[in-house]
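Peer 1: Could you look at this predicted model? Sequence included:
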Amino acid sequence: MPTESEVACFEAGIKFGTLYHQFTGTPVSHESAPGLERAIEEAIRNQPHCTGVSVEIRADRLDEAIDPGIGYTELRGPLMDVEIVVSYEGSEVTAAMELEKGYPRMRVVSVES
């Protein structure tokens, strides 16, 4: 049987899979980014055992990605910094997605029992 901490880590992975695959491709501009951040946070927060989520669509990266001819781009992993906190049966896992060498790396930051 998996430990409570292992289940919490698995749950964090599920949340990142949902976030990444549900929201990538969404049209985003500087004007819509704050609302999209909140919508993503609320959607992920609805999932079981999620006790915290923070999404930042990085304005500096958005500047580079926006097509000036149309004024927006598609949301992609490299544009976001995300932190998710999952609590399960006394274990708390914090996981993050941050740009690392050009790749949006998802990783477990901490596990507390």
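Peer 2: Alright, I've got the coordinates.
Peer 1: From now on I want contacts and neighbour counts done on CA atoms only, so please keep to that.
Peer 2: Noted.
Peer 1: Where do the strands of the protein begin and end?
Peer 2: With DSSP state E as the criterion, the chain has strands at 27-28, 50-57, 73-74, 80-88, 91-100, 103-112.
Peer 1: Which strands border the second one, and is each parallel or antiparallel?
Peer 2: Looking back up the chat, that one is strand 50-57. Sheet pairing of strand 50-57 (DSSP bridges) gives strand 80-88 (antiparallel).
Peer 1: Residues touching the strand it pairs with, excluding its own?
Peer 2: 4-5, 7-9, 11-12, 15, 49-58, 92-99, 104 (CA atoms under 8 Å, 6 or more residues apart in numbering).
Peer 1: ok, 6 Å please
Peer 2: Outside strand 80-88, the residues that touch it by CA atoms under 6 Å, 6 or more residues apart in numbering are 8, 49-58, 92-98.
Peer 1: Buried ones among those?
Peer 2: 8, 49-51, 53-57, 92-98 (16 or more other CA atoms under 10 Å).
Peer 1: now, which of these sits nearest residue 26?
Peer 2: Closest to residue 26 out of the buried ones among the contacts of strand 80-88 is residue 57 (12.2 Å), distances taken as CA to CA.
Peer 1: separation between the closest residue to that closest one other than its chain neighbours and residue 89?
Peer 2: In space, residue 57 comes closest to residue 80 once its chain neighbours are excluded; the distance is 4.5 Å by CA to CA, 6 or more residues apart in numbering. Between residue 80 and residue 89 the computed distance is 29 Å (CA to CA, to the nearest Å).
Peer 1: ok, those two, which is more surrounded?
Peer 2: residue 80 (21 against 12; other CA atoms under 10 Å).
Peer 1: for residue 73, what are its contacts?
Peer 2: Counting by CA under 6 Å, 6+ apart, residue 73 has contacts 27, 28, 66.
Peer 1: Against residue 105, how distant is the nearest residue to it once chain neighbours are set aside?
Peer 2: Spatial nearest neighbour of residue 73, chain neighbours left out: residue 66 (4.8 Å); criterion: CA to CA, 6+ apart. Using CA to CA, residue 66 is found at 22 Å from residue 105.
Peer 1: Nice, that's everything, thank you.
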